[in-house]
Structures are given as C-alpha cells and as structure tokens.
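Colleague: Provided below for reference: sequence and predicted model.
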Amino acid sequence: MIEIKMPRLSDTMAEGAVSTWRKHPGDTVEVGDVLVEIETDKAVMEYEAYQAGTLAKILVPEGENAEIGAPIALLDDGSGQAAGSLPDQGPSTERTVVTSDAPAITPTVSVGANGGTRQIASPLVRKLARENHLDLSHVTGSGPGGRIIRADINGLLANATAAPAVVPAPTPPVPPAVAETAAPALAVPETDDVRGSRSVPISNVRQVIARRLSASAREVPHFYVTAVADAEALMDLRATLNAQLTEAGRGKVSVNDLLIRACALALREHPDVNVSYAGDTSTTMLVHDRVNIGVAVAAESGLIVPVIRDADTKTVTQIGTEAKNLVALANERKLTPAQVAGGTFTISNLGMFGVEHFTAIINPPESAILAVGATTREPAAAGDAIALRYRLRYTLSVDHRVIDGALAARFLGTLTKLIETPWMIVA
C-alpha cells in the first residue's frame, strides 16, 4: 500500500486544497494518469501518478486542505498490505515534496566538533537563525538534499517577531468593587441576522495574497511618484497598428501591451529599478539582467500576476499575444508555477475600469510596481492653444530602501518620453 502525499507545487506553497479527484476508490491507476487536481496558492494544477495500482482510499475529500507531505490517498500496489495495517504517523509535519514513488529525502547532516550532528541550512537561514535565536534542530528542509531554505523557517520567524522584546509589568489587581460592576465581554455570534451576513470560505490564493500584501505594506517602506503623459500620439499609433493588424488577420494590441514594452525599455535604461531586496537583514540586493514584467490580473480566485519574460526583447504583438494567453489561463486557474515566477517588475492597470489614479502595493521580492490609470481626454496645452488631448496618469511605488526618489523620477521621465514618442516603443 502506497501513501499519496500532498506535494509542494510552488515555492510559496505551505498547504494545498484538493479541488477535484479524477480517480475514485476502486479505479485502476496507471503511471502518468491524473489522480487529482490540487489548488495551490497560485493556480489549480493536475497531479499525476508515479506508480500503478488501484486507488484504495481517499483520505482528503474535495474542498479540504492538507499540509505538504500529509497523506491524501492510499494506492494499492498489490503488495498485500492492508490500509488499516499502516502505522499511525499522526499529524504530518513533512514539508518536502514526497511523491508516491520516491523515497522521502533525508536531510543532509554534518558532524559538529562535539560529535553531534546538525542540519545543513542555507547561508541566509543560518544568518536569520543567529539573529532571531531560532532552533533549527526540528526543522525539516525542503531544499536540495534536505537543505533548510528561507521558506522552511517562515513560521519560526513569525513567532520570533511576534514575541515581546520585554516582559510587561504585572497588571495591578482590579479592586473588588470594580470587578463586581464590570460589564461582561460581548460574545460574537456565529451568525449575524441583523446584517444578513454569511460566512464564505477564503481560497488558498486569497489567503496567500492577504499574507504577502500585508507583509509588503507592513515591512516595505513604500515611496510613491506620479507622472502624467500626453498620450495623443500613443493612441494614434495604436489605432494605426490595429487597423493594419486587422487587415492582416492578426490580433490587436492594447494600451497595456504598449505600456509593458515601454516599461521594459525603461527598465533596460535604468537597471537599478529592476532589483530585488531580501529584507532589512540583507547586506546585498539583486540586480536582474533579465526584464520579466508581471501583469496583475483580477481573476475570480483573486489577484494573480503571470509573468512575461524578457519583455524588452519581444515585439508589442508578441507581448499582446502572450498577455492574452496568460490572462485566459489565470481566469481558468491553469497557470503553471513557471508562468507566475521570476518577475522583476509589475504593472497593475485599472484604466479599463475608469480609474484615473491609484497606488499599488509592491509585489515582494520586487522593488517597484507601476499603477496605471485610464487614458482620458481632457483640456491640455497644445502649443499656444488649449485642446482636448488624451492624457495618461501612472504612479510608481518603490521600495525606498533600495530605490530613492531621484532614481524613481528618472525612470518615470524615461517612461513618459517613450509614451509621448511611441514610435520608439515599436522601433
């Protein structure tokens, strides 16, 4: 009998939800058959069988969550061992990717000077452990060879951060007279008939969004720079391009496609904006040679940011085609981990909803995000006259720890120049 365990399907995944069982108890399972669809923090993904047999029992029904490494089903491989004879392992704390055909990875250990052993951890983990007084002896590593990586100690770091630095002074006892007259605490009802409220489960994607954006807003010192561009030439260029593309039987390009390409070119000119910073304890930042633009998509399951890789080397029509495909996959919850990983800069566009101006929260570990408003016609100076012209507003949110105001302003200056002379975007 083989235990099918919840795999790690993305780098930020702590648990998964069983979306749909494609096999049911009694069904024959061949190698490569899709066993189950699992909802991760980014998408719904198919999980294939690595050994043949008969699905004996489903341990985690559809709609329920399980931690990484926890058994979710039993596969009868013909060995003759009954499901009930498996030893009780208790609650699973395994955090490595364990599949039904592969042995669990044994964490690599090294021998210390006193003859004991210690687990191997990455340099960043060792540094964080020293600074936060973390005990790594009970941490299971999910890196290569069982190495402990940053994601494995998130819980320990959160507990260390939440612990008070000093012991508070004891609270003086409440006098009996006050205690007798104190009003009892109000109990929160499970249902709210007054407001007609109901409890709605939050998806894994939404939970991860909440955690990541809360951490970003709380820990990253955001700095905002807003600019406005005359977009008359940009709209004329788009109209001309789309007329020719339609005549050729090809797909149209959007304003967002042009902006993605413009941002990519501006990042190539200002590489110090195309950076990542690990946190306050880090002594270095990463300057990325590749320009990978994340596009914020308001999917039904939550905010998803698929990534267009090497956007500075692609044409506007290539970007448009890729963006449409990624948006469709996001809405169908079929994005792969590779399609949402590796972003170096993000664009969030609410212009299609009529929003003129807003600010966006940085998508960690990136250091900048551009919030784009609607392209609207408004009175503007045209030489010595006043005329209605298309105007576009956008706000750059930056991590002030690694990007200062002057650099952000220079980046927006380059972006504005590209928007106002759009032939440079497609040249």
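Modeller: Received it, and whenever you're ready, just let me know what you need.
Colleague: name the SS class of residue 283, please.
Modeller: What DSSP: H, G, I helix; E, B strand; the rest coil gives for residue 283 is coil.
Colleague: please shift the residue numbers so they start at 13 in all later answers.
Modeller: I'll keep to 13 as the first residue from here, and by that count the last item is residue 295.
Colleague: number of nearby residues for residue 401?
Modeller: 17 (other Cβ atoms under 10 Å). For the C-beta atoms, the positions are set from N, CA and C on the backbone; glycine is no exception.
Colleague: is it true that it touches residue 390?
Modeller: Yes - using Cβ atoms under 8 Å, residue 401 makes contact with residue 390 at a distance of 7.3 Å.
Colleague: distance of the nearest residue to residue 366 once chain neighbours are set aside from residue 337?
Modeller: Nearest non-adjacent residue to residue 366, counting by Cβ to Cβ, 6 or more residues apart in numbering: residue 386, 5.6 Å away. Per Cβ to Cβ, to the nearest Å, residue 386 is found 25 Å from residue 337.
Colleague: where does the stretch 163-312 of the chain dip in pLDDT?
Modeller: Along the stretch 163-312 of the chain, the parts satisfying pLDDT under 70 run over 170, 172-204, 216.
Colleague: can you give me the helices in it?
Modeller: For the stretch 163-312 of the chain, the helices defined by DSSP state H, counting those that start in this stretch cover 166-174, 188-193, 216-231, 244-259, 267-281.
Colleague: mind listing what's buried in the last one?
Modeller: Looking back up the chat, that one is helix 267-281. 267-279 (16 or more other Cβ atoms under 10 Å).
Colleague: same question, stretch 362-375
Modeller: Buried residues in stretch 362-375, counting neighbours by 16+ other Cβ under 10 Å, are found at 362, 363, 372, 373, 374, 375.
Colleague: okay if I get the residues you listed as CSV plus secondary structure, pLDDT and distance to residue 74?
Modeller: CSV is the format used below for these (DSSP: H, G, I helix; E, B strand; the rest coil; pLDDT from 0 to 100; distance: Cβ to Cβ, whole Å):
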residue, secondary structure, pLDDT, distance to residue 74
362, coil, 95, 34
363, helix, 93, 38
372, coil, 95, 35
373, coil, 95, 33
374, coil, 94, 35
375, coil, 90, 31
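Colleague: which of the residues you listed sit farthest apart?
Modeller: 363 and 374 (19.9 Å; Cβ to Cβ).
Colleague: what strand or helix carries the residue nearest to residue 366?
Modeller: strand 380-394 (DSSP states H and E).
Colleague: tell me what that strand is packed against?
Modeller: helix 267-281, strand 357-361, strand 397-411, helix 417-432 (3 or more Cβ pairs under 8 Å, 6 or more residues apart in numbering; DSSP states H and E).
Colleague: report the inter-axis angle for the first one versus helix 417-432.
Modeller: In this case it means helix 267-281. Relative orientation of helix 267-281 and helix 417-432, computed by axes from the mean of the first three to the mean of the last three Cα atoms, to 10 degrees: 130 degrees.
Colleague: what lies in contact with helix 267-281?
Modeller: 243, 246-247, 249-250, 285-286, 303, 305, 307, 320, 323-324, 326-329, 331-332, 335, 356-357, 359, 361, 363, 382, 384, 387, 423, 426-427, 430-431, 434, 436-438 (Cβ atoms under 8 Å, 6 or more residues apart in numbering).
Colleague: now do the longest one
Modeller: Among residues not part of helix 417-432, those counted as contacts by Cβ under 8 Å, 6+ apart are 235, 237, 239, 241-243, 245-246, 271, 274-275, 277-279, 281-282, 284-285, 380, 382, 404, 406, 408, 410, 436-437.
Colleague: show me what the mean pLDDT comes to for it.
Modeller: The average pLDDT within helix 417-432 is 97.
Colleague: count of neighbours near residue 85?
Modeller: The burial count for residue 85: 23, using other Cβ under 10 Å.
Colleague: need the pLDDT of it.
Modeller: Per the predicted model, pLDDT is 92 at residue 85.
Colleague: ok, now residue 349?
Modeller: According to the model, residue 349 carries a pLDDT of 81.
Colleague: now it: how far from residue 359?
Modeller: 21 Å.
Colleague: what's the answer for residue 374, then?
Modeller: Residue 374 is 12 Å from residue 359, by Cβ to Cβ.
Colleague: now do residue 331
Modeller: Residue 331 is 11 Å from residue 359, by Cβ to Cβ.
Colleague: ok, now residue 220?
Modeller: Distance of residue 220 to residue 359, given as Cβ to Cβ: 20 Å.
Colleague: the two - which one has more neighbours?
Modeller: residue 359 (23 against 19).
Colleague: OK, contacts around the more buried one?
Modeller: Residue 359 neighbours (Cβ under 8 Å, 6+ apart): 268, 271, 272, 275, 305, 306, 307, 308, 381, 382, 384.
Colleague: in terms of pLDDT, where does the nearest residue to residue 56 once chain neighbours are set aside sit?
Modeller: Take residue 56 and drop its neighbours on the chain: the residue closest to it by Cβ to Cβ, 6+ apart is residue 345, 4.2 Å away. We have a pLDDT of 80 for residue 345.
Colleague: isn't residue 339 right up against residue 307?
Modeller: Yes - if you go by Cβ under 8 Å, residue 339 and residue 307 touch, sitting 7.5 Å apart.
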